[in-house]
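Q: pasted the sequence and its predicted model underneath.
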Amino acid sequence: MSKSFVPAAPARRRRKEARPAELLAAALDLFVERGFAATRLDEVAARAGVSKGTLYLYFASKEELFKAVIRQGILPVLEEGEEMLAQHRGDAASLLQDLMRRWWDLTGNTPLGGVPKLMISEAGNFPEVARYYHENVIQRVHDLLGNVLRRGIENREFRPVNIESAIDVISAPMLMLSIWQHSMAPCSCGGMEDPETYLRTHVDLLLNGLRAKEMSE
């Protein structure tokens, strides 16, 4: 008796199922390269190898395409971070370091790392896009880091600090590294040429600055 098998999906069906991901990858590349305003939907379609009409089958507008890039690319990273927080039973310093490392590996050191630069340059002209990014990315990062800091302070692992300001101090160097990689770095202008050393230094200064006095002695 011959073994049962599941027929492979027809090539046309596989191609159709892959199109949204191909369109999102093309959109991200063009948004980062040219900016949101300068990117045209026909260019996105052409880079993805489909017609503009096909693009409209999946995304109704450029704004919806951008939101999908964030939803499919960045939000899963945030969800992973939130799950790490929920499951973590060790010290807050290790958790904070792991979160920063994962952010760089999955976002900052990928084409998604160009999104902060994109938002800085385009937010004023596209308030709906900026609002979506703030509510779904910036605010969730803010909440995640705030919860880690509160845990460390409650455990007397971290000294009491202004949490709102500390979140900005943690985030700003990470964002600057991403912005640099997508602005000055391609020009070989020097500075931040070694992201790994930059990250290690930032984490070292951060954790030693947060650590409670009795733990640092």
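A: Cool, the structure landed.

Q: which phi and psi values does residue 61 adopt?
A: For residue 61, the backbone dihedrals (degrees, to the nearest 10) come out as phi -160, psi 170.

Q: on the three-state scheme, residue 90 is what?
A: Put simply, residue 90 is coil when judged by DSSP: H, G, I helix; E, B strand; the rest coil.

Q: how many neighbouring residues does the closest residue to residue 72 other than its chain neighbours have?
A: Closest residue to residue 72 apart from its sequence neighbours, by CB to CB, 6 or more residues apart in numbering: residue 24 at 5.7 Å. Every C-beta, even on glycine, is put in place using the N, C-alpha and C of the backbone. Neighbourhood size, residue 24 [other CB atoms under 10 Å]: 22.

Q: now do the SS call for residue 24.
A: From three-state DSSP, the assignment for residue 24 is helix.

Q: do you know how far it is from residue 65?
A: Residue 24 sits 8 Å away from residue 65, going by CB to CB, to the nearest Å.

Q: hmm, the residue nearest to residue 72 is touching residue 70, no?
A: No: if you go by CB atoms under 8 Å, residue 24 and residue 70 don't touch, sitting 9.8 Å apart.

Q: check what pLDDT residue 76 gets.
A: Turning to residue 76, the model gives it a pLDDT of 96.

Q: any idea which helix or strand carries it?
A: Per DSSP states H and E, residue 76 falls inside helix 75-87.

Q: that helix - contacts with which helices or strands?
A: Counting by 3 or more CB pairs under 8 Å, 6 or more residues apart in numbering; DSSP states H and E, the packing neighbours recorded for helix 75-87 are helix 92-103, helix 139-154.

Q: as TSV, these with mean neighbour count and distance to residue 29 would be great.
A: As requested, the helices and strands packed on helix 75-87 are exported to TSV (neighbours: other CB atoms under 10 Å; distance: least, CB to CB, whole Å):
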stretch	mean neighbour count	distance to residue 29
helix 92-103	19	21
helix 139-154	17	23
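
Q: fine by me, thanks again.
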